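Novice: Would you be able to build a 3D model of this:
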Amino acid sequence: MIRFIVFLILPLFSGLVASNILDISHSLLSNFRQLASLNLTDCDVGDVQFPLDQTTPELSPPGEGLSLKIAAVGRGTQNYTCQDDPSGQPAAVGAVATLFDASCIAATSLRFLTGAPEFAVTVAHDALVTLSLDVSAIAGSGGDTLVIGEHYFDSDSTPSFDFRLSGRKEWIAAVKDENVPAPDSAIPGSVPWLKLGFKGGEGIREVYRVSTAGGSAPESCADQPSNFEVQYSAIYLFYG
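Specialist: The predicted structure follows:
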């Protein structure tokens, strides 16, 4: 598993452009045939305790009786508008993100997991999807893919997380319970950490957004288009 994690982050450390990632992945994978014997998805994370003491104030712990069901890295955009007040501050209008299965990394090394968003945000979204599919295919994951869900805001502006497209049953329409600034260790412009509660869904009762990287809007709408996106990544923890 450690070799798999190193594979995932090595192209990111090297500072290579996204267009080269697919070629690099093929080269690296030729030296990592051990992947075929590793679990890449659906690892048990019920006993994983993610540290929530890095922010001021701290996010409260999961509700009584809840345990971690899914750990994922989200990669997408935070979306903003300046239509209503072109001379004011951008207003948040939701987010979209692809959710990558990080449960096996969480079960192996939280240190690697917490650093993943800072590197993922430097890689183009489509290139990251392609890379994850490439890893899954060569690892012989039996049809399972590291792309396991999607995050979006529904027509009622409710933050939603849906894993059903990957064959799982879990999904949640959530409501914001807690919002704390990202810690000083986060890269500049990182969106806050969140704890989200239950509005509707199946199999998930609470969601945490932690280890955020990027996503914050500029302070002013000056020189900004009416609608724009800011790239971001984060770890999402799903409890049920």
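Novice: which SS state does the residue nearest in space to the middle of the chain fall under?
Specialist: What sits nearest the mean C-alpha location of the chain, by C-alpha atoms, centre = their mean, is residue 74, with 1.8 Å. Secondary structure, DSSP: H, G, I helix; E, B strand; the rest coil: residue 74 is strand.
Novice: Would you confirm that it contacts residue 238?
Specialist: No: using C-beta atoms under 8 Å, residue 74 makes no contact with residue 238, being 11.2 Å away. (Glycine included, C-beta is placed from N, CA and C.)
Novice: The residue nearest to the centre of the chain pairs with what?
Specialist: residue 99, residue 234 (DSSP bridges).
Novice: quick one: it from residue 202, how far?
Specialist: 20 Å (C-beta to C-beta, to the nearest Å).
Novice: Which residue is most remote from the mean position of this protein?
Specialist: Outermost in the chain, C-alpha atoms, centre = their mean: residue 87 at 31.9 Å.
Novice: Now do the SS call for that residue.
Specialist: coil.
Novice: Kindly provide the distance from it to residue 209.
Specialist: For residue 87, the distance to residue 209 - C-beta to C-beta - is 30 Å.
Novice: show me where this protein has strands.
Specialist: 68-81, 91-101, 147-153, 159-162, 171-180, 193-202, 206-214, 227-239 (DSSP state E).
Novice: can you list those in CSV and add mean pLDDT and distance to residue 60?
Specialist: Below are these laid out as CSV (pLDDT from 0 to 100; distance: least, C-beta to C-beta, whole Å):
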stretch, mean pLDDT, distance to residue 60
strand 68-81, 98, 15
strand 91-101, 97, 22
strand 147-153, 96, 22
strand 159-162, 98, 18
strand 171-180, 98, 6
strand 193-202, 98, 7
strand 206-214, 98, 10
strand 227-239, 98, 12
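Novice: and the ones you listed, which is most packed in?
Specialist: Ranked by mean neighbour count, those are led by strand 206-214 with a mean of 25 (mean count of other C-beta atoms under 10 Å).
Novice: What helices and strands are in contact with it?
Specialist: If contacts are counted by 3 or more C-beta pairs under 8 Å, 6 or more residues apart in numbering; DSSP states H and E, strand 206-214 sits against helix 110-120, strand 171-180, strand 193-202, strand 227-239.
Novice: Can you work out which other helices and strands pack against the second one?
Specialist: Packing partners of strand 171-180 (3+ C-beta pairs under 8 Å, 6+ apart): strand 159-162, strand 193-202, strand 206-214.
Novice: Residues in contact with that strand: which ones?
Specialist: For strand 171-180, the external contacting residues (C-beta atoms under 8 Å, 6 or more residues apart in numbering) are 55-60, 154, 158-164, 192-207, 238.
Novice: how about stretch 60-70 as CSV, C-alpha atoms only?
Specialist: In CSV, the C-alpha atoms belonging to stretch 60-70 read as follows (Å, rounded to 0.1, in the frame of the first residue of the first chain):
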residue,chain,number,x,y,z
SER,A,60,-16.9,18.8,17.4
PRO,A,61,-16.4,15.0,17.2
PRO,A,62,-18.8,12.7,15.3
GLY,A,63,-22.2,12.0,16.9
GLU,A,64,-22.5,9.2,19.4
GLY,A,65,-22.6,5.8,17.8
LEU,A,66,-21.3,7.0,14.4
SER,A,67,-18.2,5.6,12.8
LEU,A,68,-16.3,6.4,9.6
LYS,A,69,-17.8,4.7,6.6
ILE,A,70,-16.0,6.4,3.6
